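Engineer: structural data only, the sequence is not supplied:
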């Protein structure tokens, strides 16, 4: 949308449902998760590349030059934005969650001031917050309303995270905001 003229330009018509927020990498590429993979869009050439084709990606984040993507809790997908190389990291989701595996990821973030550089925090659609070590694919913790009095959270639907300059992790839930 050009604010001065009011002209709208459609630059990409995605065949797949866009399932999350847009990221901008250091090369000026736009990244967004879809119901059919992670898409990298070049706004200059209007070309796109799909990673993890046919795999639903619901959340992603950028750390340095690496995009971390999550669809199912069984696998973390990684893309190096410099080389465009990608690979998948299997997780211990089945043994960690058992029959209580979360339905979907809403948002993911690294919180280095709280948990170091290798732990990824995952907000879910009604199943609380999970923490996974991306170095080895092992889930380490899950926080939900079941243990609210002892390190629990206000509501199991956690929409998003934010890290502030003072390294605090903020969580937006359906019943309020939490600060860690």
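Structural biologist: Noted; the coordinates are in hand. Owing to the predicted nature of the structure, the values given are computational and were not obtained by experimental measurement.

Engineer: after the lowest-mean-pLDDT helix or strand in the chain, next one along is what?
Structural biologist: Every helix and strand in the chain was compared by mean pLDDT, DSSP states H and E; the lowest is helix 112-115, with a mean of 78. The first helix or strand that comes after helix 112-115 along the chain, using DSSP states H and E, is strand 119-124.

Engineer: re the thing from before, give me the contacts around the least confident helix or strand of the chain.
Structural biologist: Here helix 112-115 makes contact (CB atoms under 8 Å, 6 or more residues apart in numbering) with 121, 131, 163, 166-169, 180. For the C-beta atoms, the positions are set from N, CA and C on the backbone; glycine is no exception.

Engineer: and it, what's buried?
Structural biologist: residue 115 (16 or more other CB atoms under 10 Å).

Engineer: show me where this protein has its helices.
Structural biologist: All helices of the chain, identified by DSSP state H, fall at 93-97, 112-115.

Engineer: nearest approach to residue 3 belongs to which of these?
Structural biologist: helix 112-115 (36.8 Å; CB to CB).

Engineer: starting at the chain centroid, how far to that closest one?
Structural biologist: 17 Å (CA atoms, centre = their mean, to the nearest Å).

Engineer: when you give positions from now on, start the count at 411
Structural biologist: All right, first residue 411 from here; so that's helix 522-525.

Engineer: looking at the contacts of helix 522-525, state which has the most neighbours.
Structural biologist: Most neighbours among the contacts of helix 522-525, by other CB atoms under 10 Å: residue 531, with 24 neighbours.

Engineer: I figured it hits residue 539, correct?
Structural biologist: Yes. With contact defined as CB atoms under 8 Å, residue 531 and residue 539 form a contacting pair (6.2 Å).

Engineer: and for residue 426, the neighbour number?
Structural biologist: Other residues near residue 426 number 17, with proximity taken as other CB under 10 Å.

Engineer: low pLDDT regions in the protein?
Structural biologist: The chain contains residues with pLDDT under 70 at 411-412, 420-421, 423, 557-561.

Engineer: restricted to strands, list the contacts of helix 522-525.
Structural biologist: Within those, residues falling in strands by DSSP state E are 531, 541, 573, 579.
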